[in-house]
Every structure is written in structure tokens, then in C-alpha cells.
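Asker: Need coordinates for the following:
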Amino acid sequence: MPENSTAAFSSVFLDKTPPVDAHIDEMIQWGKKIGVKGNLSFRTKMGFITNGCDIAPESITKDNVVEVRGVVFGLNRPSIYAKGQGVPCGETLLHSDIYEALPDINAIICSPCPDVLKAAAKLGLPSTDVEQHGGSLELAQAAGNLVKSDKSVRCFILKNYAVIALGANLAEAGKQMEDILKKSKAG
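Answerer: Numbering: from 1, shown residues only. Below is the predicted model:
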């Protein structure tokens, strides 16, 4: 059973063949267009597809995406059940919590963009209250709690860590991220 020993979760691969979905091409385009570090995902019938761990958004290909099929919470740490050739992105738990909390959200973009983090107060975006370690279960829970408390949130800050853009589809999440990037540079 392959495992990701550096993340807050273990990876269990159900199938090593890359997932196939028509929206992967759109994910690749948004990864290149936004050109920031981080990760992207979109909901599927079986779970969600995200870029693999350590795969920059501009380097996403059809072969290095991973479909997360489920998250099982065990005694030591969660197990991520996946389809694909690589370990899911480090923020898989965060994406999973947001999808669970917001059934109308079908795409997420997460970026540790320094310009946005510096301008966070001026931008007036909601933010998690406490700084948490990236990839941690605590970070995922903080994000989940924020969106559960205001289900209309479409863009928010993970305190001192990253900006999250949400959408009904990749185009909507991508435009949210583009807008917040422009506003952070203008301010």
C-alpha cells in the first residue's frame, strides 16, 4: 500500500491509471492562466480531481492529476483513497472539507500568494481566525468551519497561509482568483 509519509494523510491507490474527465483540459488551462503556486480541484461523480503533490498548477498534465475517491479517518491519520499515479496535493483534506460543506461548489483554487496575503486586511476577505500548518487536518477544519458559518463565501484567506477561491465550476473559481490577484496588486 503506497503511502505519503510527509503529509497529514496516507495515500491508498485504488488504481494507478490516471483519471479521465473532460474537465481536466480546463483545469490544465486554468493552471497555466493563473500562474501561481498552489493547487486546483474540481468535483467529479466519484469525488474530486486535483493536481498531484508537488505539481505546480502550470505543470498539470493529464498524467499527473489524481482523483480523490474518499477520505477515511483512522486512529493515526486520515487515509485518502485515490486513482492516479501520484500522491494527491497536500491540501486534499481542505478540498474535501469544503466540498462536503458546500454542495454547490464544484471547483477550488488554493494559492499561497504573498501579494494577496499582504493585502488581506485591505481586501476585506473573510479569514480563518488562527494560523494553522499547511496540509494539516486543523487547517482543513478551520476552512470547513469558515464556509459552514457563511455558505455564500466564494473567496477567503487561510490566515498567513493562502487564499482560496471557490466556484460552481473551474471558470468561476478561476475568475475569482484572477480578480483577487488583480485587486491585491492594485492596492
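Asker: Quick one: list the elements packing against the top helix by length along the chain.
Answerer: Longest helix in the chain, counting residues (DSSP state H): helix 170-186. For helix 170-186, the elements it packs on are helix 24-34, strand 39-43, strand 107-111, helix 114-118, helix 120-123, strand 155-158, strand 162-167, judged by 3 or more Cβ pairs under 8 Å, 6 or more residues apart in numbering; DSSP states H and E. Yep, even glycine has a C-beta here, placed from its N, CA and C like the rest.
Asker: Show me what Ile164 bridges to in the sheet.
Answerer: When bridges are called by DSSP bridges, Ile164 pairs up with Cys110, Phe156.
Asker: Please tell me how far it sits from Lys37.
Answerer: To Lys37, Ile164 is 14 Å away according to Cβ to Cβ, to the nearest Å.
Asker: so Phe156 sits right up against Ser127, yeah?
Answerer: Yes: assessed by Cβ atoms under 8 Å, Phe156 is found in contact with Ser127 at 6.3 Å.
Asker: any shared contact partners between the two?
Answerer: Leu146 (Cβ atoms under 8 Å, 6 or more residues apart in numbering).
Asker: Need the nearest residue in space to Lys33, chain neighbours excluded.
Answerer: Nearest non-adjacent residue to Lys33, counting by Cβ to Cβ, 6 or more residues apart in numbering: Gly174, 6.7 Å away.
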